[in-house]
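S.K.: generate coordinates for the sequence data below:
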Amino acid sequence: MREFVGAIDQGTTSSRFIIFNRRGEVAALAQQEHRQIYPGPGMVEHDAMEIWRNVCAVAERAMRAAGVGPRDLAAVGLTNQRETTLLWDRRTGEPAHNALVWQDARVNDLVAAYAKEGGKDRLREATGLPLASYFSGLKLRWLLDHAPGARARAEAGELMFGNIDAWLAWRLTGGPDGGLHVTDVTNASRTQLMNLRTLQWDPDILALFGIPAAVLPRIVPSSRLLGEIRDGPLAGAPLAGVLGDQQAALFGQACLAPGDIKNTYGTGCFMLMNTGDRPVTSRSGLLTTVAYQLDGAPPVYALEGSIAITGALVQWLRDNLGFISSSEEVERLALAAPDNGDVYFVPAFSGLYAPYWREDARGVIVGLTRFANKAHIARAALEATAFQTHDVLAAMREDSGLAVTSLRADGGMVANELLMQFQADLIGAEVVRPVVTETTALGAAYAAGLAVGYWSSPDEIVANWRADRAFRPQLAQAERGRLLRRWRQAVQRSLDWVETA
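M.R.: Modelled structure (predicted):
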């Protein structure tokens, strides 16, 4: 019997391949960063071919480290940065343009134009999403209009569209030589082109956005045996699970019952609450999305609050300002200041996402005096993650009517104990870090393993989950209130910077 399950975790800044055993423990891991391409203000792109090469490289390295080959993997799951949008040639596999990353804000004018008639929520009932630059649909419209010859080629069936999951699934299963053009329900729900209730592409929205159906992948469940991998170092292993990264983290955190909630602290922050088998429409600026779908079962839905810039702000301190030489150093620098020195950092580099949805916002640092130093700015950068998370959780409590007493935390930033403690202090609830923090990749592995019977049922996923540490609130309520008032003042200073049409 094959002993392990593998997971491709293709993120915003890097690609990883992780091998898990039956207990959900990491047996081997390899990671490689890819370039962030900035053609202009508010624009972010990735080279899809570089991503494919990196995925192959990390899979090979991880298998070598574990002493296994693809025939030792019961299945491979795939999880990916969502909303990052790509068009490529069906015959050659060449991208028609660099991928437009989820943070990319070049479609703001399109958002404003569509919102003029019917408002930003005109598609929320069908898709669970407001009109925003975040989602794939309008990015695809931009590519069709701006990549040379793209619209005519797309209408002729020569081009294929997908988020990064569809690109990698196609390459893995043969690419131009019969590769599968599929996307799972979680990724499809982030395009703003899929109807949440039918789980099919919505013909009215396709017509509205001018999207030819010929470019679209087939929508499949998150956990299903798709076929054998035929290309790259994983050839011979079954591809059996696909989930967008935040839904994968929800699944990997064993948040399988209505009311379960997790927050992933990565490049951005993404909080999801399992709401069961019915979509809940948000009244507080959150998204309604598909959480996952097991093969042969109804979909499970979630409320989500998305924050664009959290871990990316630490990278900005490293790469743009040179405050630190590695991201891990930020905690030590922040601890050099006993508090934030009344400095607040609103990282609205490409606007504010949930619960504000303000494309006109831009990043600000406020409260600067001669007293402030780089330790205060580092601390304010970390605290910005916690403040933004607080705002999303408050909206989630409002929409769900549930009193949240525990937040399951995962992602690269959870190793930062200063941040985790401040987060608990701000939300007035415990923040729980699991033993296995690689929950995004683990969720993809679970989806793949369930599809092939490696794990017999979701009950095994729940049994595998174990807490490492719980951070409990220690801050006095009056001080919490003061900090939140100052934060709200800072947010107001970030608004109305960009003039929108």
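S.K.: in stretch 19-31, what counts as buried?
M.R.: Buried residues in stretch 19-31, defined by neighbour count with 16 or more other CB atoms under 10 Å: 19-20, 24, 26-31. In short, each C-beta sits where N, CA and C put it, glycine included.
S.K.: again with stretch 43-53
M.R.: Of the residues in stretch 43-53, those buried under the neighbour-count criterion (16+ other CB under 10 Å) are 43-46, 48-52.
S.K.: among those, which lie within strands?
M.R.: Counting by DSSP state E, the buried residues of stretch 43-53 place 45-46 in strands.
S.K.: now the longest helix along the chain, how far from the centre of its chain.
M.R.: In terms of residue count, the longest helix belonging to the chain (DSSP state H) is helix 374-400. Its chain's C-alpha centre lies 17 Å from the corresponding centre of helix 374-400 when counted by CA atoms, centre = their mean, to the nearest Å.
S.K.: so which elements touch it?
M.R.: Packed against helix 374-400, as judged by 3 or more CB pairs under 8 Å, 6 or more residues apart in numbering; DSSP states H and E, are the following elements: strand 261-265, strand 269-276, strand 300-307, helix 311-319, helix 330-335, strand 344-346, helix 417-427, helix 477-494.
S.K.: to Val242, which of the ones you listed lies closest?
M.R.: Closest to Val242 of the helices and strands packed on helix 374-400, according to CB to CB: strand 300-307, at 15.3 Å.
S.K.: and that closest one, C-alpha only, in PDB?
M.R.: Presented in PDB, the C-alpha positions along strand 300-307 are these (Å, rounded to 0.1, in the frame of the first residue of the first chain):
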ATOM      1  CA  VAL A 300     -20.400  23.100   2.100                       C
ATOM      2  CA  TYR A 301     -20.400  27.000   2.200                       C
ATOM      3  CA  ALA A 302     -18.500  29.500   4.200                       C
ATOM      4  CA  LEU A 303     -18.300  33.200   5.100                       C
ATOM      5  CA  GLU A 304     -15.000  34.700   4.400                       C
ATOM      6  CA  GLY A 305     -13.200  37.900   5.200                       C
ATOM      7  CA  SER A 306     -10.100  38.700   3.000                       C
ATOM      8  CA  ILE A 307      -7.300  41.000   3.900                       C
END
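S.K.: what's the angle from that strand to helix 374-400?
M.R.: What separates the directions of strand 300-307 and helix 374-400 is an angle of 150 degrees, with axes from the mean of the first three to the mean of the last three CA atoms, to 10 degrees.
S.K.: quick one: furthest residue from the center of the protein?
M.R.: For the chain, the residue at maximal distance from the C-alpha centroid (CA atoms, centre = their mean) is Arg370, at 37.8 Å.
S.K.: ok, it to Gly341 distance?
M.R.: If you measure Arg370 against Gly341 using CB to CB, to the nearest Å, the figure is 11 Å.
S.K.: same deal with Glu460?
M.R.: 48 Å.
S.K.: circling back: and the helices and strands packed on helix 374-400 as TSV, adding distance to Val220, mean neighbour count and mean pLDDT?
M.R.: Supplementary listing: the helices and strands packed on helix 374-400 in TSV, determined by distance: least, CB to CB, whole Å; neighbours: other CB atoms under 10 Å; pLDDT from 0 to 100:
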stretch	distance to Val220	mean neighbour count	mean pLDDT
strand 261-265	23	27	92
strand 269-276	21	24	91
strand 300-307	15	26	92
helix 311-319	30	20	92
helix 330-335	40	19	93
strand 344-346	39	25	97
helix 417-427	36	21	96
helix 477-494	40	15	96
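S.K.: beta-bridge partners for Gln15, please?
M.R.: Actually, residue 15 is Ser rather than Gln. With DSSP bridges applied, Ser15 shows beta-bridge pairing to Gln10, Gln32.
S.K.: what's around it, how many residues?
M.R.: When neighbours are counted by other CB atoms under 10 Å, Ser15 registers 27.
S.K.: isn't it right next to Gln31, touching?
M.R.: Yes. Counting by CB atoms under 8 Å, Ser15 does reach Gln31; the two are 7.2 Å apart.
S.K.: next, show the common contact partners of the two.
M.R.: Counting by CB atoms under 8 Å, 6 or more residues apart in numbering, the common neighbours of Ser15 and Gln31 are Val58.
S.K.: for Leu333, see how far away the residue farthest from the centre of the chain is.
M.R.: Arg370 sits at a distance of 19 Å from Leu333 (criterion: CB to CB).
S.K.: sorry, back to before: in JSON lines, list the helices and strands packed on helix 374-400 along with distance to Thr92.
M.R.: Putting the helices and strands packed on helix 374-400 into JSON lines (distance: least, CB to CB, whole Å) gives the following:
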{"stretch": "strand 261-265", "distance to Thr92": "35"}
{"stretch": "strand 269-276", "distance to Thr92": "34"}
{"stretch": "strand 300-307", "distance to Thr92": "34"}
{"stretch": "helix 311-319", "distance to Thr92": "33"}
{"stretch": "helix 330-335", "distance to Thr92": "43"}
{"stretch": "strand 344-346", "distance to Thr92": "44"}
{"stretch": "helix 417-427", "distance to Thr92": "45"}
{"stretch": "helix 477-494", "distance to Thr92": "44"}
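S.K.: brilliant, that's me finished.
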